[in-house]
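*Asks:* with the sequence up front, the predicted model follows.
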Amino acid sequence: MNKSALALFIGLILVVFLFAVDLQSTSAETIDLGSLGGWESNAFDVNNAGQVVGWASTDAGSKHAFLYDNTDDTITDLGTLGGHYSLALGINKQGQVVGFSYNSDGLKRAFLFDGESMTDLGTLGGHHSVALDINDAGQIVGFSNTEEGVIHAFIYERNGMHDLGSLGGGVSVANAINNKGQIIGWSSDVYNERHAFLYENGAMKDLGTLGGMHSEASDINESGKIVGHSYDAFGNIRAFVYEDGHMTDLEAFDGYLSYAFSINDVDQIVGRSMTSDGEQHAFLYHNGMIKDLDIFTSSYSAAVSISNNGKIIGEVQLENGEQRGFFVK
């Protein structure tokens with residue numbers, strides 16, 4: 001599943017690794033994901049088959065959405081909608097890919113790649129749209145400009161794109177959807193505070209915060225458990241899990257900063273957290289235990305998404321400053 005793709009693609013370090021992991025061991029064969037001819041790459045989602053989507057630089061200096069297939073160690077350029085830039089953000093079990101691409105008019109448009117071609121999904125009436133996640137039924141969520149110029153979360157189904165509204169403010173973003181059609185993300189409210197939401201049965205529910213002003217939901221699994229991050233009453237940013245009507249701090253590591261990006265159907269949670277010495281490390285959380293993945297002993301790493309069979313993608317910056325992409329199996 002995809003987990004807060006919007007927050008990630010704004011601030012990521014252009015690097016990913018993919019690895020199979022449990023709480024006891026991280027030993028695995030490491031494979032370079034490669035690129036599309038350039039040197040930069042990043043990934044955002046992985047399915048159970050080990051297919052990875054993201055973007056990579058080309059030899060011409062452009063950035064294109066890619067699909068990496070672990071079965072034959074190939075990386076495929078998905079192209080664009082006519083512009084110079086595209087980015088893949090979500091993939092389902094059928095291998096359908098969603099994201100956004102600039103078109104020939106320089107407009108940012110949500111797309112669906114069905115294995116053969118990239119389709120423009122349109123907008124809510126404005127010029128731009130971004131698709132962030134797709135479930136196994138082919139329902140797609142993301143955000144788009146409306147005709148009035150505000151940014152609203154959407155769901156795209158066979159009969160087109162539909163506005164999910166907001167919590168009373170002018171902005172909303174849908175980050176993920178599960179196979180039951182439950183949608184999560186964030187929205188501004190009437191006080192212009194950003195709150196995590198759950199959208200189901202035609203209504204958007206405010207999930208509240210950990211005591212601070214803002215929160216954001218990043219992912220939801222099939223049992224309806226939600227993860228994300230929230231400010232607490234002391235101004236710290238903390239990873240949370242939401243279930244049975246309650247938001248709980250994961251208490252990840254000793255620092256004041258943590259983010260939960262993804263949860264799978266066996267309740268394994270991944271993200272990044274600040275350690276007591278001020279570094280930020282990828283983590284895996286399960287059954288009340290948290291493990292510092294400590295990738296390559298780097299001072300910065302993040303686990304971005306976890307599949308139901310434990311495959312994880314993330315980002316790492318090496319100690320020598322190099323930014324590399326890896327597949328670790």
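*Replies:* Sure, I can see it.

*Asks:* checking Phe296 next. Helix, strand or coil?
*Replies:* helix (DSSP: H, G, I helix; E, B strand; the rest coil).

*Asks:* next, count neighbours for it.
*Replies:* Counted with other CB atoms under 10 Å, residues neighbouring Phe296 total 14. No exception for glycine: its C-beta is placed from N, CA and C like everyone else's.

*Asks:* look up how far Asp73 lies from it.
*Replies:* Distance from Phe296 to Asp73, counting by CB to CB, to the nearest Å: 21 Å.

*Asks:* can you pull the contacts of Gly202?
*Replies:* For Gly202, the contact set (CB atoms under 8 Å, 6 or more residues apart in numbering) is empty.

*Asks:* can you pull the pLDDT of it?
*Replies:* Looking at Gly202, its pLDDT stands at 96.

*Asks:* how much space separates it from Gly165?
*Replies:* 10 Å.

*Asks:* what of Asn192?
*Replies:* Asn192 is 16 Å from Gly165, by CB to CB.

*Asks:* what about these two, which has more around it?
*Replies:* Higher neighbour count among Asn192 and Gly165: Gly165, with 15 against 11, using other CB under 10 Å.

*Asks:* what sits against the more buried one?
*Replies:* Residues in contact with Gly165 (CB under 8 Å, 6+ apart) are His152, Ala153, Ser172, Met204.

*Asks:* assign a three-state SS to it, would you?
*Replies:* Counting by three-state DSSP, the backbone at Gly165 sits in coil.

*Asks:* against His128, how distant is it?
*Replies:* Taking CB to CB as the measure, Gly165 falls 18 Å from His128.

*Asks:* next: Ala49.
*Replies:* 31 Å.

*Asks:* cool, and Asp267?
*Replies:* Distance from Asp267 to His128, counting by CB to CB: 35 Å.

*Asks:* any low-confidence regions in the chain?
*Replies:* Scanning the chain for pLDDT under 70 picks out the ranges 1-34, 39, 295, 318-329.

*Asks:* can you map out the helices along it?
*Replies:* 5-11 (DSSP state H).

*Asks:* which residues in the stretch 101-250 of the chain form strands?
*Replies:* Ranges of strands within the stretch 101-250 of the chain are 108-113, 118-120, 125-134, 140-146, 151-157, 160-163, 168-177, 183-189, 194-200, 203-206, 211-220, 226-232, 237-243, 246-249, based on DSSP state E, counting those that start in this stretch.

*Asks:* and Pro194, what does it touch?
*Replies:* For residue 194 the amino acid is Arg, not Pro. Contacts of Arg194 (CB under 8 Å, 6+ apart): Val171, Trp186, Ser187, Ser188, Met213, His214, Ser215, Glu216.

*Asks:* how about those in JSON lines, adding neighbour count and distance to Gln94?
*Replies:* What follows is these, written out as JSON lines (neighbours: other CB atoms under 10 Å; distance: CB to CB, whole Å):
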{"residue": "Val171", "neighbour count": "16", "distance to Gln94": "31"}
{"residue": "Trp186", "neighbour count": "26", "distance to Gln94": "28"}
{"residue": "Ser187", "neighbour count": "27", "distance to Gln94": "29"}
{"residue": "Ser188", "neighbour count": "20", "distance to Gln94": "34"}
{"residue": "Met213", "neighbour count": "14", "distance to Gln94": "39"}
{"residue": "His214", "neighbour count": "16", "distance to Gln94": "35"}
{"residue": "Ser215", "neighbour count": "27", "distance to Gln94": "32"}
{"residue": "Glu216", "neighbour count": "26", "distance to Gln94": "28"}
